[in-house]
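>>> Curious how this folds, go ahead:
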Amino acid sequence: MTYQVMIIEDDPMVAAIDRQYVERNTHFRVSHLFKSGTQALTFLEHHSADLIILDYYTPTMDGLEFVDKLHQMGKSIPIIMVTSANDRAIVHNLFSRGVLDYLVKPFEYPRFQQALERFLTKKQLMNTAPIELAQQDIDQLLQPRTPSPCSPPIHKGMNEATLQLVRSFLQSHAQTHFTSEQIAEQVHLSRITIRRYVNFMLENGELTSSIDYQTGGRPSIRYCYAAPFAP
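Presented below is the predicted three-dimensional model:
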């Protein structure tokens, strides 16, 4: 699935960087770019978006006013703030209004991608969670699990947020065995990428694997979540 992203930024150079960083991640596409919150709200009266990248200082209204008006419209679109506004009160007020993440300019690509991966992780957790949520399901939605400080370092070329996305999916289906192809389909990543991450998790005891010979053709390897990292 490709998520549609709206950027609200009046600085053309920053807007171009935002677009470039968003579209480096194949799960996202910038569908609209507005210079002010007013323009964006007018559009959102009859349309929607999956994610909003928002600058606090834009013409006609600031970020707080935009978020309040968005909520008054009955919309709860996830928002990542990308802004130079670092006043404590502003940051507090925006987090109290439910913004997903907050990046202070100048920002770097890895931190921007971390914010996008956080969005993907929460989406995946919500999409795979049961209809009736147990406390552990709610806890994962509020704060996705991160490896403990004693967890082994990930391999070169791997991404911590992507590892967490795969881990969260398998944790939420802890009694089920999946092929790498099935995992790839569920978390919207390539099979090659998934094999790299499940092999890492196998090496460190998070997964067990078994060979399924009942496929009618070539045997397939199935993976099942085993346990968290041991200290």
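
>>> measure Arg167 to Ala115 for me?
According to CB to CB, to the nearest Å, Arg167 and Ala115 sit 19 Å apart. Just so you know, the C-beta spots here come from the backbone N, C-alpha and C atoms, and that holds for glycine as well.

>>> And Leu207, by the same measure?
27 Å.

>>> Next: Phe43.
As judged by CB to CB, Phe43 and Ala115 stand 22 Å apart.

>>> the more surrounded of these two?
Ala115 (20 against 14; other CB atoms under 10 Å).

>>> Pull the number of nearby residues for the closest residue to Ser84 other than its chain neighbours.
The shortest distance from Ser84 to any non-neighbouring residue, by CB to CB, 6 or more residues apart in numbering, is to Lys105 (4.6 Å). Per other CB under 10 Å, the neighbour tally for Lys105 reads 14.

>>> do Asp10 as well
Neighbours around Asp10, by other CB under 10 Å: 16.

>>> what's the answer for Ile183, then?
Ile183: 21 neighbours (other CB under 10 Å).

>>> Then Asp68?
13.

>>> does it really touch Leu94, like I thought?
No: using CB atoms under 8 Å, Asp68 makes no contact with Leu94, being 10.6 Å away.

>>> distance of Ile79 from Leu207?
As for Ile79, its distance to Leu207 is 34 Å (criterion: CB to CB).

>>> ugh, wrong one, Met6
Computed as CB to CB, the Met6 to Leu207 distance reads 37 Å.

>>> so where's the chain shaky on pLDDT?
Within the chain, the segments meeting pLDDT under 70 span 128-129, 137, 140-152, 215-217, 227-231.

>>> Go again with 50.
Where the chain drops to pLDDT under 50, the residues are 145-150, 229-231.
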